[in-house]
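Undergrad: Mind looking at a prediction? Sequence and model below.
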Number of protein chains: 2
Amino acid sequence: MTVIMQEFPLTVGRILDHAAKYHPNRKIVSRSVEGPITHTNWANIQRQAKKLSQVLLSMGVQTGDTIGVMAWNTARHFEVWYGVPGAGAVNHTLNPRLFADQLVYIINHAEDRLLMVDFDLIPTIENIWDRLKTVENIIVMTDREHMPESSTLDLLCYEELLEKQDGNCEWVEVDETAPCGICYTSGTTGDPKGVVYTHRSNTLHALASSAPDMLGLSSNDVVMPVVPMFHANGWSLGYTAPMMGSSMVMPGRDMSAKGLYEMLGFGVTFTAAVPTIWMLMLQHLQSNNLTLPTLERVIIGGASCPRAVIETFQNDYDVQVLHAWGMTEMSPVGTVCTFKPEVTALDASGRLDAQGTTGHPPYSVDLRITDDAGVEQPWDGNTSGKLWARGAAVVQRYFKQDSDAVDKDGWFDTGDVATIDENGYMRITDRSKDVIKSGGEWISSISLENAAVAHADVAEAAAIGIPHPKWDERPILVIVAMPDKSPDPQDILALVAQSFAKWQVPDDVVFMDELPHTATGKISKLELRKILNNQGYELP
Amino acid sequence: MTVIMQEFPLTVGRILDHAAKYHPNRKIVSRSVEGPITHTNWANIQRQAKKLSQVLLSMGVQTGDTIGVMAWNTARHFEVWYGVPGAGAVNHTLNPRLFADQLVYIINHAEDRLLMVDFDLIPTIENIWDRLKTVENIIVMTDREHMPESSTLDLLCYEELLEKQDGNCEWVEVDETAPCGICYTSGTTGDPKGVVYTHRSNTLHALASSAPDMLGLSSNDVVMPVVPMFHANGWSLGYTAPMMGSSMVMPGRDMSAKGLYEMLGFGVTFTAAVPTIWMLMLQHLQSNNLTLPTLERVIIGGASCPRAVIETFQNDYDVQVLHAWGMTEMSPVGTVCTFKPEVTALDASGRLDAQGTTGHPPYSVDLRITDDAGVEQPWDGNTSGKLWARGAAVVQRYFKQDSDAVDKDGWFDTGDVATIDENGYMRITDRSKDVIKSGGEWISSISLENAAVAHADVAEAAAIGIPHPKWDERPILVIVAMPDKSPDPQDILALVAQSFAKWQVPDDVVFMDELPHTATGKISKLELRKILNNQGYELP
């Protein structure tokens, strides 16, 4: 049959077009990098993004070229978010907190032709400039007044460049499966790996993850992404919010609880961040007797959120907490913990238990758990297994790799270990490489750690498996004590024993002054094993 | 670049797969055609649909074959809804209320190889059987016990056929742009025209129209489609509800207010129908002192809904009314009237005014209004123009036609005349062919009719344009009086004059005993003009 329905390529420019035409006046409030609070809207952002497309095309940017963007969460970042793919180019988000070696690696690996950088981050680029192989120009995302001096770099001024354009153009036409953005994973081992998002994957992901049972965004929402736009596709909020016509509040670079609280004052109804941010916010609220009059929902992801934090937000501040799980490789939303009818029907305590999981997937994401042999495991909420995912916005192959990142049936190994219950609610119990395998059974290192830190004198805990001739591995706990405290190892183990079977209780407790951490703040168990090895550690 | 994100063809089988895996136990309650209330769920429907696919394949059905389905809204209809495209075939929905000539035309035109028919509708098929050219078999959608006797037809029993299969199969793989369903428009002039939905258009339409600001469906909703599944793609609820994991209540063939009220008792939170149904329901509620304890939202579409009905539902029954507009050609959702922030900010009366419009489009639908010369008209809520649409699930070309149904820029002429206000809220003011053009200005026939029927003694009113040498056309009103009433024409015109400019007030009032109607119950203005012509009518 000939074409019978209209062609409608799923390119991201159409998302901003929809926002600018049907929600032109939604406010976009930013704490600018220059300092002042700025106000704009989707119609203006579209105009600016089109001007940026014109600038890029005039500079000779070609379809498929990669452009590195190192910027905080502001309205100007949205102009770039759409202006770059609007010129047919690929938006490569750069995390300014990466180690210099990692930044150099990913910029060279992605072959960024151009960098767009917030003015305060220019020193970061100066520091690595002589090692960058492909970058031809640097655009500083500010006006003439705030342009930094640089003895090593030639810098172009964003606002000056845009002023010369009229914004009167169409987006460059690309296939919907063309690349739109790249985000590198901050892998704890080996080089970072690039995940390439396509126009189609970003659009389908935004459609599916905006659903009422997922993020549930509407034009009456005011969305504040605390999670940086350079982290895991910005949790997709740069696509979902304009697609649904939401307003946005952009907190800039000030991640202090005080700074974020000020920004919440612009009518924020929905916000998203890692647990640490919310724990600091709670302290700020409590010690200053503050309320959250407009906030309705917070999405918490990136790590497990303590039950007490969820409870306090909901009971004391009337803010619904949505635990979520995702990965850079999944664009990123994998699951969101909203209530299915089976959970709605539970009492308050049962619902809170459910909220300890990361919830269930949207349409277009599919999950399974298997044992090491690849045999699918039951969804009973107890049996854990390797977690696999597939879907419309899940990676098939990392950037420039020779082979796919999926198995023969198209499943991507998330590297997590999880349980799934009979209602489809998933709970991460460990990273695959951290799970402790003893006597053929798996012990969750995360659960052991959570149990240990419940001890008042324990500041930080790491559970790792130590090779054992009979049991394959046996768990031990590595503990950092609270300042000036010396908890009794037997007390800690007794506390753990309250919620674990006898064979799961660690064989030993080792004390250290501090634990090794990765660039993103997670405990580096690889490093920890090396340290113990160098110390000649042996099981008792 | 090579494939970097996973392939995920947007085929409708994946929608049911998602429902069956992540929402297996959502209840699907039906008033069966056989009589009893039946209970099933998405997991069972998936199994039955797979069995049906097996049956069809075993009967020699090929990818792309068209299968006519004439059935009421029941769970079994869902099995067919997915089982037919699951076998690679195309689901051609048949409206049993069509005239015999129209049914014969569309079955022959679509070349249906097979018919699947509810058992009570077999006489309708017997009546046209000798004129059908392509149908090889008829499957009666019932069990052995309820199989009808037929002297003219060889009938196969649905449940018997399915019992022989195990349901252990994959959906037949087709391209996402392959046809999935066909629905013919009941055009008032000329032959019916077929709109062919693809797997992709149905999936994208369901994703976009489920959004919080559109239908807003979740797994906690219990959805009752009163609108028949054979009408305009079943308003897409057969796709949106399982995609969002909703429960469903299927009212079967009993469209009485009493029958529907019984079905609402199964916890229905969301329902959809034309205004007539809701007006009858209101009478039933009021005369029996009934309440609507679980119902939260009703979608009203297909025609304009009186303000009083909206007000009564909301104020007396705490049920939110969502006015909507769509077309068979648009899969069908074009706009839904939810509140953007500008409307949320209005007082109760202002919000009710906004609810008189049909609202704003989802992502992936775009609208414009133009004058006859194709010049785009302003969005001021007053200026009316021809309404055009384009989008991911809007028709490009009718089935088996030689040319496209869109203009050079891809816009489809809806045949409606509308205004759009500054917030993007659209109001249908007329059908293009019915709008009255006087002195270069347009007068809305619908508005004149609404004003005239406000007269207590007027039962029905039609406003039409009569050719006029100076003004091009002048409006007149054709009135059917209430039984035993003889309203004064001057009184009617005085009432109309209260809300129209002087030049818009009709030049004449003509009385008739009844007005001609189309098969779908609309006033046939074509027929009405013929009648007046035959009577030698002339303007005063």
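TA: Looks like it came in fine. Numbering: from 1, shown residues only, chains lettered A, B, ... in the order given.
Undergrad: ok, the residue of the stretch 351-500 of chain A found nearest chain B - contacts?
TA: In the stretch 351-500 of chain A, no residue comes nearer to chain B than residue A:392, which is 3.6 Å away by Cβ to the nearest Cβ. All C-beta atoms are positioned from the backbone trio N, CA, C, and that covers glycine. Going by Cβ atoms under 8 Å, 6 or more residues apart in numbering or on different chains, residue A:392 touches A:200, A:201, A:204, A:205, A:208, A:364, A:365, B:5, B:6, B:8.
Undergrad: tell me the SS of the first one?
TA: In this case it means residue A:200. At residue A:200 the chain is in helix, as set by DSSP: H, G, I helix; E, B strand; the rest coil.
Undergrad: In this structure it contacts residue A:10, no?
TA: Yes: assessed by Cβ atoms under 8 Å, residue A:200 is found in contact with residue A:10 at 4.5 Å.
Undergrad: distance between the ends of stretch A:362-377?
TA: 21 Å (Cα to Cα, to the nearest Å).
Undergrad: distance between that stretch and the chain's centre?
TA: Taking Cα atoms, centre = their mean, to the nearest Å, the mean C-alpha location of stretch A:362-377 is offset from the chain mean by 22 Å.
Undergrad: cool, and stretch A:211-225?
TA: 17 Å.
Undergrad: And for stretch A:411-427?
TA: That offset, for stretch A:411-427, works out to 18 Å (Cα atoms, centre = their mean).
Undergrad: quick check, nearest of the contacts of residue A:392 to residue A:492?
TA: Nearest to residue A:492 among those is residue A:365, at 38.4 Å by Cβ to Cβ.
Undergrad: Excluding chain neighbours, give the residue nearest to the residue of the stretch 351-500 of chain A closest to chain B in space.
TA: In space, and not counting its chain neighbours, residue A:392 is closest to residue B:8: 3.6 Å by Cβ to Cβ, 6 or more residues apart in numbering or on different chains.
Undergrad: So what does that neighbour look like in phi/psi?
TA: Per-residue torsions, residue B:8: phi -150, psi 80 (degrees, to the nearest 10).
Undergrad: At which residues are the helices of the stretch 1-150 of chain A located?
TA: With helices called from DSSP state H, counting those that start in this stretch, the stretch 1-150 of chain A shows them at A:13-22, A:42-58, A:75-86, A:100-110, A:122-128.
Undergrad: Tell me where chain A is predicted with low confidence.
TA: Within chain A, the stretches with pLDDT under 70 are A:1-3, A:187-189, A:519-520.
Undergrad: Check it and tell me which residue is nearest its centre.
TA: Geometric centre of chain A, nearest residue: residue A:232, 4.1 Å, by Cα atoms, centre = their mean.
Undergrad: isn't residue A:368 right next to residue A:374, touching?
TA: No: assessed by Cβ under 8 Å, residue A:368 is found out of contact with residue A:374, at 9.9 Å.
Undergrad: Looking at the two, which is more packed in?
TA: residue A:368 (19 against 13; other Cβ atoms under 10 Å in any protein chain shown).
Undergrad: For residue A:45, give its distance to residue A:24.
TA: The spacing between residue A:45 and residue A:24, counted by Cβ to Cβ, to the nearest Å, is 10 Å.
Undergrad: Have a look at those two and say which one is more surrounded.
TA: Taking neighbours as other Cβ under 10 Å, residue A:45 and residue A:24 compare with residue A:45 leading, 25 against 17.
Undergrad: In space, what's closest to the more buried one - neighbours in sequence excluded?
TA: residue A:78 (5.1 Å).
Undergrad: what's that neighbour in contact with, if anything?
TA: Contacts of residue A:78 (Cβ under 8 Å, 6+ apart): A:28, A:45, A:49, A:238, A:242, A:248, A:250.
Undergrad: quick one on the thing from earlier: highest mean neighbour count out of the helices of the stretch 1-150 of chain A?
TA: helix A:75-86 (a mean of 27; mean count of other Cβ atoms under 10 Å in any protein chain shown).
Undergrad: Just the CA trace of it, in CSV.
TA: Backbone C-alpha positions of helix A:75-86 (Å, rounded to 0.1, in the frame of the first residue of the first chain) are rendered in CSV as follows:
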residue,chain,number,x,y,z
ALA,A,75,17.4,28.6,30.1
ARG,A,76,20.4,29.1,27.8
HIS,A,77,21.2,25.4,28.1
PHE,A,78,17.8,24.7,26.6
GLU,A,79,18.6,27.0,23.6
VAL,A,80,21.7,24.8,23.0
TRP,A,81,19.8,21.6,23.8
TYR,A,82,17.6,22.3,20.7
GLY,A,83,19.8,24.6,18.7
VAL,A,84,22.5,22.0,18.2
PRO,A,85,20.3,19.1,17.0
GLY,A,86,18.3,21.7,15.1
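Undergrad: For whichever residue of the stretch 1-150 of chain A sits closest to chain B, grab the count of nearby residues.
TA: When scored by Cβ to the nearest Cβ, the stretch 1-150 of chain A has residue A:8 as its residue closest to chain B, at 3.6 Å. Using other Cβ under 10 Å, residue A:8 is surrounded by 21 other residues.
Undergrad: which SS state does the residue lying closest to residue A:54 once chain neighbours are set aside fall under?
TA: Of all residues not flanking residue A:54 in the chain, residue A:165 sits nearest, at 4.1 Å (Cβ to Cβ, 6+ apart). Three-state call for residue A:165 (three-state DSSP): coil.
Undergrad: Surely residue A:165 is in contact with residue A:55?
TA: Yes: between residue A:165 and residue A:55 there is a contact at 6.0 Å, judged by Cβ under 8 Å.
Undergrad: circling back: quick one, phi psi at the residue nearest to the centre of chain A?
TA: phi 50, psi 60.
Undergrad: okay but it is in contact with residue A:332, surely?
TA: Yes: taking contacts as Cβ under 8 Å, residue A:232 lies within contact range of residue A:332: 4.1 Å.
Undergrad: Now do the shared contacts for these two.
TA: residue A:326.
Undergrad: sorry, back to before: the residue of the stretch 351-500 of chain A closest to chain B and residue A:331, how far apart?
TA: Distance from residue A:392 to residue A:331, counting by Cβ to Cβ: 9 Å.
Undergrad: shared neighbours of those two, anything?
TA: Taking Cβ under 8 Å, 6+ apart as the contact rule, residue A:392 and residue A:331 both touch A:201, A:205.
Undergrad: Against chain B, how distant is residue A:225?
TA: Using Cβ to the nearest Cβ, to the nearest Å, one gets 18 Å for the distance from residue A:225 to chain B.
Undergrad: if I read this right, that residue contacts residue A:274, doesn't it?
TA: No: judged on Cβ under 8 Å, residue A:225 makes no contact with residue A:274 at a distance of 11.8 Å.
Undergrad: quick one, which of the two is more surrounded?
TA: residue A:225 (25 against 17).
Undergrad: partners of the more buried one in the sheet?
TA: residue A:272 (DSSP bridges).
Undergrad: Show me what from the stretch 1-150 of chain A comes close to chain B.
TA: Residues of the stretch 1-150 of chain A lying near chain B by Cβ under 8 Å from any Cβ of the partner chain: A:1-8, A:10, A:14-15, A:18, A:21-23, A:25-26, A:64.
Undergrad: returning to what we had before: overlap of the contact sets of residue A:200 and residue A:10?
TA: Joint contacts of residue A:200 and residue A:10 (Cβ under 8 Å, 6+ apart) are residue A:176.
Undergrad: hang on, the earlier thing: who touches the residue nearest to residue A:54 in this structure?
TA: A:50, A:51, A:54, A:55, A:58.
Undergrad: Quick check: phi and psi on it?
TA: Backbone geometry at residue A:165, expressed as degrees, to the nearest 10, gives phi -100, psi 160.
Undergrad: what are the ranges of the strands in the stretch 201-350 of chain A?
TA: A:222-225, A:247-250, A:270-273, A:297-300, A:320-326, A:333-336 (DSSP state E, counting those that start in this stretch).
Undergrad: would you list these in TSV and tack on distance to residue B:400?
TA: Conversion of these to TSV gives the following (distance: least, Cβ to Cβ, whole Å):
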stretch	distance to residue B:400
strand A:222-225	46
strand A:247-250	47
strand A:270-273	48
strand A:297-300	49
strand A:320-326	46
strand A:333-336	42
